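Colleague: Here is a sequence together with a model predicted from it:
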Amino acid sequence: MLNLDPYIAKTPGFPKADITFYDISPALEDPHILKQATTALCDLAAPMKPDLIAGIDARGFLFSVPIAIQLDCGVVMIRKAGKLPGALYQSTYALEYDNATLALQHDRNIAGKNIVLCDDLLATGGTLLAASNLVSMAGGTVTGAVCLIELTGLKAREKLSCPVAALQNYEF
């Protein structure tokens, strides 16, 4: 099993006092670890049989493309509000410290396809739940989600109706 802990910087008190920020930048800077993490995410996503990998703005984008290339499928971007033109599906959710809105363009070819969500961190589950709602609105089926990090103590998996796989777990 890949141990990413030495490659994840932890910053207590960011973005607010009772939150610890888990920064994947050191993992991205090390080519060996980056390749291992990408391969491990591919191994987790493959059984979910994706037609598309949905990269979630912004750090989910970093891994969605290499996963899709290795699994021979496409990518769709789920963006933060205000980042996409045209008609949009939108879903607002609560973060640990604020509210946010994600969007998906109506024009994306998602209907009837299996979608695997990709993000860097699963904390409260709000982001993945909002992304899953967008895929459903567009007629797709979320067959799973892959993340680099999961904060297991927040029990986000209980909110999600799809399989979730993470490479590194922390309590909080």
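Modeller: Nice, thanks for sending it over.
Colleague: Stretch 90-103 spans what distance, first to last residue?
Modeller: End-to-end span of stretch 90-103 (C-alpha to C-alpha, to the nearest Å): 4 Å.
Colleague: from now on call the first residue 370
Modeller: Fine by me, first position is 370 from now on; the one you just mentioned is stretch 459-472.
Colleague: and the lengthiest strand in the chain, what other elements does it pack with?
Modeller: Taking DSSP state E as the criterion, the chain has its longest strand at strand 510-520. Secondary-structure packing of strand 510-520 (3 or more C-beta pairs under 8 Å, 6 or more residues apart in numbering; DSSP states H and E): helix 400-414, helix 428-440, strand 483-491, helix 495-506, strand 533-539. All C-beta atoms are positioned from the backbone trio N, CA, C, and that covers glycine.
Colleague: rerun at 6 Å
Modeller: Contact partners of strand 510-520 among helices and strands, from 3 or more C-beta pairs under 6 Å, 6 or more residues apart in numbering; DSSP states H and E: helix 400-414, strand 483-491, helix 495-506, strand 533-539.
Colleague: Residue ranges in this structure under the pLDDT threshold?
Modeller: Counting by pLDDT under 70, the chain contains low-confidence ranges at 465-466.
Colleague: if you take the average position of it, which residue is closest to it?
Modeller: Asp488 (1.7 Å; C-alpha atoms, centre = their mean).
Colleague: Bridged to that one, which residues?
Modeller: Cys516 (DSSP bridges).
Colleague: Distance of it relative to Ala386?
Modeller: 24 Å (C-beta to C-beta, to the nearest Å).
Colleague: try Val511
Modeller: 33 Å.
Colleague: Then Leu413?
Modeller: Taking C-beta to C-beta, one finds Leu413 at 33 Å from Ala386.
Colleague: Who has more neighbours out of the two?
Modeller: Leu413 (21 against 8; other C-beta atoms under 10 Å).
Colleague: dump the residue contacts of that one.
Modeller: Val515, Ala534 (C-beta atoms under 6 Å, 6 or more residues apart in numbering).
Colleague: okay, stretch 404-415 in CSV with CA atoms only?
Modeller: Extracted in CSV, the C-alpha atoms of stretch 404-415 (Å, rounded to 0.1, in the frame of the first residue of the first chain):
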residue,chain,number,x,y,z
LYS,A,404,3.3,8.4,-10.7
GLN,A,405,2.6,5.9,-7.9
ALA,A,406,-0.4,7.9,-6.7
THR,A,407,-1.8,8.2,-10.2
THR,A,408,-1.3,4.5,-10.8
ALA,A,409,-2.9,3.6,-7.4
LEU,A,410,-5.9,5.9,-8.2
CYS,A,411,-6.3,4.1,-11.6
ASP,A,412,-6.3,0.8,-9.8
LEU,A,413,-9.1,2.0,-7.5
ALA,A,414,-11.1,3.6,-10.3
ALA,A,415,-10.9,0.7,-12.9
